[in-house]
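I'd like to go over a predicted model; first the sequence, then the structure.
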Amino acid sequence: MAGKGQGGFGFGLGKMKELTEAFKKAQQVQEGAKKLQEELDELEVIGEAGGGLVKVVLSGNQEPRRVEISPDAMGEGAEVVSELVAVAMTDAYNKSTATMRERMEELTGGLNLPGL
């Protein structure tokens, strides 16, 4: 037989309130994530190599925007320029990944969903 006042489900009002709060927080995070996605699309992250001879610009979502190669770099030859572009790409990627991670941590900070 079911216990009194619990309807046999063992799910009291306290748990329901906790669950409702968790859903509200999750909805806030979802709305924040959409806004964050838009902000990251607008953000430009610059990776550099060779003391600024080569710059690679990505969005905060790692979408390529442009590559800037100094005329001084061109005199170094194709192999050196290729290497500098690869280094600048890695720098930009690492910076954009770190930025994305920081923003997501800010968005989800303090979120405690029961049972997760």
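Great, that's in hand.

Every contact and neighbour count from this point should use C-alpha atoms.
Will do.

Return the list of strands paired to the helix or strand harbouring E48, each annotated with direction.
Element membership of E48, judged by DSSP states H and E, is strand 44-49. Note on strand 44-49: by DSSP bridges, its sheet partners are strand 54-59 (antiparallel).

Now do the partner strand: everything it contacts.
Residues outside strand 54-59 that contact it (Cα atoms under 8 Å, 6 or more residues apart in numbering) are 40-49, 64-70, 73, 81, 84-85, 88-89, 92-93, 96.

again, only this time at 6 Å
Identification of contacts with strand 54-59 by Cα atoms under 6 Å, 6 or more residues apart in numbering yields 41, 43-48, 64-69, 88-89.

Give me the helix or strand of the chain that scores worst on average pLDDT.
When each helix and strand of the chain is scored by mean pLDDT, DSSP states H and E, helix 13-42 comes last, with a mean of 82.

quick one, it and strand 54-59 angle?
Angle between the axes of helix 13-42 and strand 54-59 is 140 degrees (criterion: axes from the mean of the first three to the mean of the last three Cα atoms, to 10 degrees).
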